[in-house]
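Q: build me a structure from this.
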Amino acid sequence: MNAAQALLDDLLRRPPELPYDPGLLRELFDSTRDNSMAPLSVVAGVVNKAQGLATRVLSLANSAYYGLQSEVTSVQRAVAVLGMAEIRALVLALGVSRMIDRSRLPAAFDLRSYWSHQLSVAAGCRLLARRLPGCDGETCYTAGLLHDLGKLLIAAYRPEDWTAIRQLARDENLMDSEAEDLLLGLDHGVVGARLLSFWDLPMALTEPINWHHAPHLAGEHERAALVVHVADAALRLRERLAGRNAEGMPGNLPGGLPDDLLIPQGLDDAARTLGVDVAAFMAEIETLLEGERIGQFVSQLA
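A: Purely as a prediction, here's the structure:
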């Protein structure tokens, strides 16, 4: 049995335990899909089924991240103020943040950096999708939020492999996905998508995650996979330019983008496929992230 199959078998034989029944996720996606006629009370009822989940959702909804003018005191009100899809993303983020035994993670795995990147990419995905006719911005947001779930799972289930992958990526100047393919025979997109499929989540979410490093293979979900790919690559470029502050969060670019910014060819090609100018998109991201208060959200998850 090769390393890839062994990892996937292990993952599905003893999947990480969500702090709620995985069936709740299916209910939540059914009641918040685009053509759903479910009233707010139904969505709130799904969230309220899980003990303690409503409290966590309200805590996040009332955090500085959302900047609400008045306190939200019920899940139904939170759904009304933030929207059904936003609540769905909150539930998924909270579930993933609580399902991993942090003692199993390698000491070098930086959860704050991990969640900061996930949230930044999610914001970038929504920004991109909203300018593409027929592209579901909220599903792309959720895909961005979970696009590196596989990295978290590899670190938790195969910490030695995660360490070897990071070392190989540094030594050979490779992307993590390239180092994963060399050492495991698959990349983190496949790992994360496999677990989400196991939870019976829709292909509109799992396929863009599965193929975000090879969007041309995503079939009918290619455009959403391209959105995640472009947002992910652009945010990684931004992170390299901005560095990190004392709290491990990406810094800002107070002087704007460098005039001689070198955009990787793969990112530029993918962006052109979507009709997007990378430099203009990154400038929009910079403005967007200044007001996102991502650190407030990260503190609730990491």
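
Q: identify the single longest helix in this protein, thanks.
A: The residue-count maximum for a helix in the chain (DSSP state H) belongs to helix 222-242.

Q: can you show me the helices along the stretch 1-150 of the chain?
A: Per DSSP state H, counting those that start in this stretch, the stretch 1-150 of the chain carries helices over the ranges 3-13, 23-32, 40-48, 53-61, 75-82, 84-99, 111-129, 137-146, 149-157.

Q: show me what contacts the residue nearest to Glu86 when sequence neighbours are not counted?
A: Closest residue to Glu86 apart from its sequence neighbours, by C-beta to C-beta, 6 or more residues apart in numbering: Glu138 at 7.6 Å. The C-beta positions use only the backbone N, C-alpha and C, and glycine is treated the same way. By C-beta atoms under 8 Å, 6 or more residues apart in numbering, the residues touching Glu138 are Gly83, Ala85, Glu86, Arg88, Ala89, Arg126.

Q: who's in contact with the closest residue to the last one other than its chain neighbours?
A: Residue nearest to Arg126 in three dimensions, not counting chain neighbours: Tyr141, with 4.2 Å by C-beta to C-beta, 6+ apart. With C-beta under 8 Å, 6+ apart as the criterion, the residues that contact Tyr141 are Ala85, Ala89, Ala122, Ala123, Cys125, Arg126, Ala129.

Q: mind checking how far Tyr141 is from Ala231?
A: Look at Tyr141 and Ala231: by C-beta to C-beta, to the nearest Å, they are 10 Å apart.

Q: need the residues touching each of these two.
A: Common contacts of Tyr141 and Ala231 (C-beta under 8 Å, 6+ apart): Cys125.

Q: if we can go back for a sec, buried ones among the contacts of Tyr141?
A: Those of the contacts of Tyr141 that meet the buried threshold are Ala85, Ala89, Ala122, Ala123, Cys125, Arg126, Ala129, by 16 or more other C-beta atoms under 10 Å.

Q: count of neighbours near the nearest residue in space to the fifth one that is not next to it in sequence?
A: Right, the one you point to is Cys125. Leaving aside its sequence neighbours, Cys125 sits nearest to Gly144 (C-beta to C-beta, 6+ apart; 3.5 Å). For Gly144, the neighbour count with other C-beta atoms under 10 Å is 32.

Q: that older thread, reformat the helices of the stretch 1-150 of the chain as JSON lines; add distance to Leu217 and mean pLDDT.
A: As requested, the helices of the stretch 1-150 of the chain are arranged in JSON lines below (distance: least, C-beta to C-beta, whole Å; pLDDT from 0 to 100):
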{"stretch": "helix 3-13", "distance to Leu217": "16", "mean pLDDT": "88"}
{"stretch": "helix 23-32", "distance to Leu217": "24", "mean pLDDT": "87"}
{"stretch": "helix 40-48", "distance to Leu217": "33", "mean pLDDT": "89"}
{"stretch": "helix 53-61", "distance to Leu217": "34", "mean pLDDT": "90"}
{"stretch": "helix 75-82", "distance to Leu217": "34", "mean pLDDT": "91"}
{"stretch": "helix 84-99", "distance to Leu217": "24", "mean pLDDT": "90"}
{"stretch": "helix 111-129", "distance to Leu217": "19", "mean pLDDT": "93"}
{"stretch": "helix 137-146", "distance to Leu217": "16", "mean pLDDT": "94"}
{"stretch": "helix 149-157", "distance to Leu217": "16", "mean pLDDT": "95"}
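
Q: next helix or strand past the longest helix of the chain?
A: Sequence-wise, the next helix or strand downstream of helix 222-242 (DSSP states H and E) is helix 265-273.

Q: what comes up buried for that following helix?
A: The neighbour-count check on helix 265-273 (16+ other C-beta under 10 Å) flags Leu267, Asp268, Ala270, Ala271 as buried.

Q: just checking, what packs against it?
A: Packing partners of helix 265-273 (3 or more C-beta pairs under 8 Å, 6 or more residues apart in numbering; DSSP states H and E): helix 222-242, helix 278-290.

Q: that helix versus helix 278-290: what angle between them?
A: On the basis of axes from the mean of the first three to the mean of the last three C-alpha atoms, to 10 degrees, helix 265-273 is oriented at 90 degrees to helix 278-290.

Q: convert the C-alpha atoms of helix 265-273 to CSV, please.
A: The C-alpha trace of helix 265-273 is given here as CSV (Å, rounded to 0.1, in the frame of the first residue of the first chain):
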residue,chain,number,x,y,z
GLN,A,265,3.6,32.9,-14.6
GLY,A,266,1.2,30.3,-13.3
LEU,A,267,-0.7,32.9,-11.3
ASP,A,268,-0.8,35.3,-14.1
ASP,A,269,-2.0,32.7,-16.6
ALA,A,270,-4.8,31.5,-14.2
ALA,A,271,-5.9,35.0,-13.5
ARG,A,272,-6.1,35.8,-17.2
THR,A,273,-8.3,32.8,-17.7
